[in-house]
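In: Mind looking at a prediction? Sequence and model below.
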Amino acid sequence: MTPRIAVNLLWCQPGRVGGSEQYLARQLAGLASTGPLTFDVAVYAPRGYATAHPELATFAVNESRSVGANRAARIVRESTWLERRTRGVAVTHHGGGTVPFRTNGRTLLTVHDVQYLTYPQYFSRARLAYLSYMMPRSLRRADAVAVPSQYVRGTLIDRFGLDASAVHVVVHGIESVDRASLDIVGVQQRHGLMGTRYFIYPAITHPHKNHRFLVDLVAGPWRDTNVHLLFIGGEGRAHAEIVSHIASSGVADRVQFTGHVGSADRDALVAGADALVFPSEYEGFGAPVVEAMALGVPVVASDRASLPGVVGDGGLVLPLDAAMWADVPQCIGNDRDVLVAAGRARAESFSLLASGRDLRGVYEGLLR
């Protein structure tokens, strides 16, 4: 009898959970491209997931009636609706960072990050209490753990005393995008960017994303340059504070928000940027930096958490010190060709196939 693997994505509201959504979808798409499988895979997801991710049509996608917006209800659904439908599976892969109270088969847990350990102040009291209880418990119950970077792997091993042989890096797979196929000019025109030199930052306005750092650069060391900032992504917990800070800094004419945009517009806006700047304080991986490299856009990132290991020698990695970023506009202008070539070479390490092969290896190890 062919063993079955259930993938729990009930937490994954399309367009609402950031890079973790693409991480899981891309590794599953990569898994489908690794060749014939010796096991069956079924995905369990919120309503609307299959429409949002047609690339996963290879696998059976079982949708709940809920869109997954209520976290408490989702937690209950994992231990009831999901548990009933996954009885008899060989492995259940929980992709959202925690293991439900009731689960079936051997357990693979994907942990995207452990930001709550480093920046507890960015979490509500209830969320922090939940993670502080559920994360150690989930890690103890998991037969294997998958993570997106060596940084997260090392943190889990060090902080929770995990067996290193049970913690596996499944690289983030980046979809290949033909730059020539993008309507860069048309998209820029729709957003009023024609003739504008802009640095782009694709990130929800959460506190740890550190948008304020870039605003302060435009108001300070970059004031006499012609650089504008383009912030793309949804509104996070720090959005109102950032908008207020932009106004009080007198740079509202040089900072633009687009809100959430579709993948085609996102890629076109990134491809048309002078650089992608990424001053985040914490990332479990940081997929936008690799996506920009693949599109031939220079990358400048902070030296925090996983970012140095992900960027490698494919871009500029700088401390979060305004003085260290002061010459970035000049560096991008002078060294653009070198940075583009280095970035493209680095991005080749993060393919869908590589991600799928990593995931397949973990699955096969659990099935032995």
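Out: Yep, it's here.
In: part of a strand, is R212?
Out: No - with DSSP: H, G, I helix; E, B strand; the rest coil as the criterion, R212 is assigned helix and is not in a strand.
In: how is this structure carved up into domains?
Out: 4-173+351-367, 179-347 (automatic domain parsing).
In: Quick one: mean pLDDT over the last one.
Out: Right, domain 179-347. Domain 179-347 shows a mean pLDDT of 96.
In: now the end-to-end length of it.
Out: 14 Å (C-alpha to C-alpha, to the nearest Å).
In: Now the domains of the chain in TSV, please, with extra columns for mean neighbour count.
Out: The C-beta positions use only the backbone N, C-alpha and C, and glycine is treated the same way. Listed next are the domains of the chain as TSV, based on neighbours: other C-beta atoms under 10 Å:
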stretch	mean neighbour count
domain 4-173+351-367	18
domain 179-347	19
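In: The residue nearest to G314 when sequence neighbours are not counted and G296, how far apart?
Out: Of all residues not flanking G314 in the chain, R346 sits nearest, at 2.7 Å (C-beta to C-beta, 6 or more residues apart in numbering). Distance, R346 to G296, using C-beta to C-beta, to the nearest Å: 12 Å.
In: try L156
Out: For L156, the distance to G296 - C-beta to C-beta - is 34 Å.
In: what about V61, helix or strand, and which?
Out: strand 60-63 (DSSP states H and E).
In: centre of the chain versus the helix or strand following that strand, how much separation?
Out: With elements assigned by DSSP H and E, the helix or strand that comes after strand 60-63 is helix 71-77. Relative to its chain's centre, helix 71-77 lies at 23 Å (C-alpha atoms, centre = their mean, to the nearest Å).
In: so after helix 71-77, what's the next helix or strand?
Out: helix 83-85.
In: Partner strands of the helix or strand just after that following helix and their direction?
Out: Later in the chain than helix 83-85, the nearest helix or strand by DSSP H and E is strand 91-94. As defined by DSSP bridges, the strand partners of strand 91-94 come to strand 4-8 (parallel), strand 106-110 (parallel).
In: Pull the residues that contact the last one.
Out: With contact meaning C-beta atoms under 8 Å, 6 or more residues apart in numbering, strand 106-110 is reached by 23-24, 90-99, 138-139, 141-147, 170, 362-363, 366.
In: residues in contact with I232?
Out: Applying C-beta under 8 Å, 6+ apart, the residues near I232 are 200-202, 257-261, 266, 269.
In: looking at the sheet around it, what are its partners?
Out: Bridge pairing for I232 - DSSP bridges - gives P202, G259.
In: swap in V145?
Out: Bridge pairing for V145 - DSSP bridges - gives L109, V167.
In: separation between it and L320?
Out: 29 Å.
In: coming back round to it: I'd like the strands paired with strand 91-94 written out as a markdown table, with distance to E78 and mean pLDDT added.
Out: Listed next are these as a markdown table, based on distance: least, C-beta to C-beta, whole Å; pLDDT from 0 to 100:
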| stretch | distance to E78 | mean pLDDT |
| --- | --- | --- |
| strand 4-8 | 7 | 98 |
| strand 106-110 | 12 | 98 |
